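*Asks:* Sequence and predicted structure below; questions after.
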Amino acid sequence: MTSLSFALVTPSLNQAVFLREAIDSVLSQQVAALDYIVIDGGSNDGAQEVLKTYGSRLKWLSEPDSGQSAAINKGWRHTQGEIVGWLNSDDRLEPGALEKVGAFFEAHPQVDLVYGDCDYINASGKVTGKYPVQPYDYTRLVVQAKNYIPQPATFFRQTLLTRLGLLDETLHFGMDYDYWLRAGLGHPAAYLPGCLAALRLHGGAKSIAQLGKFAAENVRIFERLLARTDLPADVQQQRIQALSNVYHRAADNSFWAGALGQARGFAWQAWLYQPLRPRSLWLWLLMGRSGRRWAERLYGNPYL
């Protein structure tokens with residue numbers, strides 16, 4: 001058993017239907033020391049009744065807050081541990097996940113952040129696919145403008161949290177990606193093969209229900225990141241491609257969210273950065289709402 005201590009937070013708001021599964025997946029982990037707290041944002045769906053059933057086995061706090069990032073930060077201020085992470089209330093850890101993570105950190109003292117594989121599950125908990133994880137490469141993480149690091153399967157040292165600071169509380173959708181991008185500047189990260197967690201995709205998930213806002217926030221994250229002067233040279237050299245990619249992804253997200261005006265704006269920005277690069281999305285955007293309907297008939301909405 002690993003000798004490292006863990007500090008985990010579960011932010012929650014009106015997720016009583018999934019909350020017990022998330023909590024049980026954490027409390028069942030076999031580690032020497034676990035400081036775990038649930039930060040509930042003042043739910044009105046019976047979540048507090050679920051929390052009360054755990055008695056002294058669980059620390060929790062229920063009060064209104066300003067969003068998920070603020071809740072996670074609040075939880076970290078109330079916990080102590082050498083290894084830090086968070087698990088959303090509709091996700092779950094796999095059995096033995098923390099033991100594997102602790103053993104990896106002990107064997108690799110130079111690594112500050114580690115992530116593993118992650119399943120997609122549906123509302124009933126059935127595995128529906130695999131998160132598109134890739135081996136760690138910071139340049140690829142930036143230039144692809146695609147988050148291949150699954151949040152529920154990611155953990156980092158308390159020392160990184162101390163140096164880097166807490167989550168950006170102005171972010172409500174991409175706070176994890178923003179943190180990985182900031183952590184990659186000077187903090188070694190590594191990929192640990194093996195499934196550590198499951199991420200639940202359902203109609204109420206923010207990344208699906210508010211996909212258009214998610215897209216706009218990702219653009220803001222990248223515009224801020226790529227304006228930095230301390231980026232690695234290979235990232236600086238591919239800055240234009242990275243910007244083109246993030247605008248194209250934002251256009252794609254906005255298109256499937258039905259925010260066609262926003263999608264056209266992002267697609268135009270992508271084209272301005274790389275005008276000679278073919279973009280099939282343009283055809284559907286030019287067709288307007290009928291294009292959106294035809295695309296869904298042909299391909300299905302990839303975010304549902």
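*Replies:* Nice, I can see it.
*Asks:* which SSE is the closest residue to L225 other than its chain neighbours in?
*Replies:* Excluding its sequence neighbours, the residue lying closest to L225 (CB to CB, 6 or more residues apart in numbering) is L181, at 5.4 Å. From N, CA and C alone the C-beta is placed, and that goes for glycine too. Using DSSP states H and E, L181 sits within helix 175-183.
*Asks:* Likewise for F6?
*Replies:* Going by DSSP H and E, F6 is part of strand 5-12.
*Asks:* Against which helices or strands is that strand packed?
*Replies:* helix 16-27, strand 33-40, helix 68-77, strand 83-86 (3 or more CB pairs under 8 Å, 6 or more residues apart in numbering; DSSP states H and E).
*Asks:* Just the C-alphas of it, formatted as PDB.
*Replies:* Output of strand 5-12 as PDB, limited to C-alpha atoms (Å, rounded to 0.1, in the frame of the first residue of the first chain):
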ATOM      1  CA  SER A   5      -1.600  10.800   1.600                       C
ATOM      2  CA  PHE A   6      -4.400  12.000  -0.700                       C
ATOM      3  CA  ALA A   7      -6.600  15.100  -0.700                       C
ATOM      4  CA  LEU A   8      -9.700  14.800  -2.900                       C
ATOM      5  CA  VAL A   9     -12.700  17.000  -3.400                       C
ATOM      6  CA  THR A  10     -16.100  16.300  -5.000                       C
ATOM      7  CA  PRO A  11     -18.000  19.400  -6.100                       C
ATOM      8  CA  SER A  12     -21.700  18.800  -6.500                       C
END
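*Asks:* that older thread, my guess is the residue nearest to L225 contacts R140, does it?
*Replies:* No: using CB atoms under 8 Å, L181 is not in contact with R140, being 11.9 Å away.
*Asks:* And stretch 179-194, what's buried?
*Replies:* Neighbour-count burial for stretch 179-194, counted by 16 or more other CB atoms under 10 Å, picks out Y179, W180, L181, R182, A183, G184, H187, A189, A190, Y191, L192.
*Asks:* actually stretch 105-112, sorry about that
*Replies:* So stretch 105-112, judged by 16+ other CB under 10 Å, has buried residues F105, V111, D112.
*Asks:* Could you list the buried residues of the helix or strand where the first one lies?
*Replies:* Here F105, judged by DSSP H and E, is contained in helix 97-107. By 16+ other CB under 10 Å, the buried positions in helix 97-107 come out as A97, L98, E99, K100, V101, G102, A103, F104, F105.
*Asks:* ok so, going back, after the helix holding L181, which helix or strand is next?
*Replies:* Taking DSSP H and E, what comes next after helix 175-183 is strand 189-200.
*Asks:* same for that following strand, what does it pack against?
*Replies:* Packed next to strand 189-200, using 3+ CB pairs under 8 Å, 6+ apart, are strand 92-93, helix 97-107, strand 113-121.
*Asks:* got these as a markdown table, with distance to S25 columns?
*Replies:* Formatted as a markdown table, those follow (distance: least, CB to CB, whole Å):
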| stretch | distance to S25 |
| --- | --- |
| strand 92-93 | 4 |
| helix 97-107 | 8 |
| strand 113-121 | 11 |
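*Asks:* What is the subsequent helix or strand relative to the lowest-mean-pLDDT helix or strand in the chain?
*Replies:* Ranked by mean pLDDT, DSSP states H and E, the helix or strand of the chain with the weakest confidence is helix 206-209, at a mean of 56. Heading C-terminal from helix 206-209, the first helix or strand you meet, by DSSP H and E, is helix 211-226.
*Asks:* Convert the C-alpha atoms of that next one to CSV, please.
*Replies:* C-alpha atoms of helix 211-226 as CSV (Å, rounded to 0.1, in the frame of the first residue of the first chain):
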residue,chain,number,x,y,z
LEU,A,211,-21.5,23.2,-25.4
GLY,A,212,-21.6,26.7,-26.9
LYS,A,213,-20.4,28.4,-23.7
PHE,A,214,-17.8,25.7,-23.4
ALA,A,215,-16.4,26.6,-26.8
ALA,A,216,-16.2,30.3,-26.1
GLU,A,217,-14.4,29.6,-22.8
ASN,A,218,-11.8,27.4,-24.5
VAL,A,219,-11.0,30.2,-27.0
ARG,A,220,-10.4,32.5,-24.0
ILE,A,221,-8.1,30.0,-22.4
PHE,A,222,-6.0,29.6,-25.5
GLU,A,223,-5.8,33.3,-26.4
ARG,A,224,-4.5,33.9,-22.9
LEU,A,225,-2.0,31.0,-23.0
LEU,A,226,-0.7,31.8,-26.5
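*Asks:* L27 contacts K59, doesn't it?
*Replies:* No: at 11.1 Å, L27 does not count as touching K59 under the criterion of CB under 8 Å.
*Asks:* neighbour-wise, which of the two wins?
*Replies:* Shown here are L27 and K59; by other CB atoms under 10 Å, K59 has more neighbours (16 against 13).
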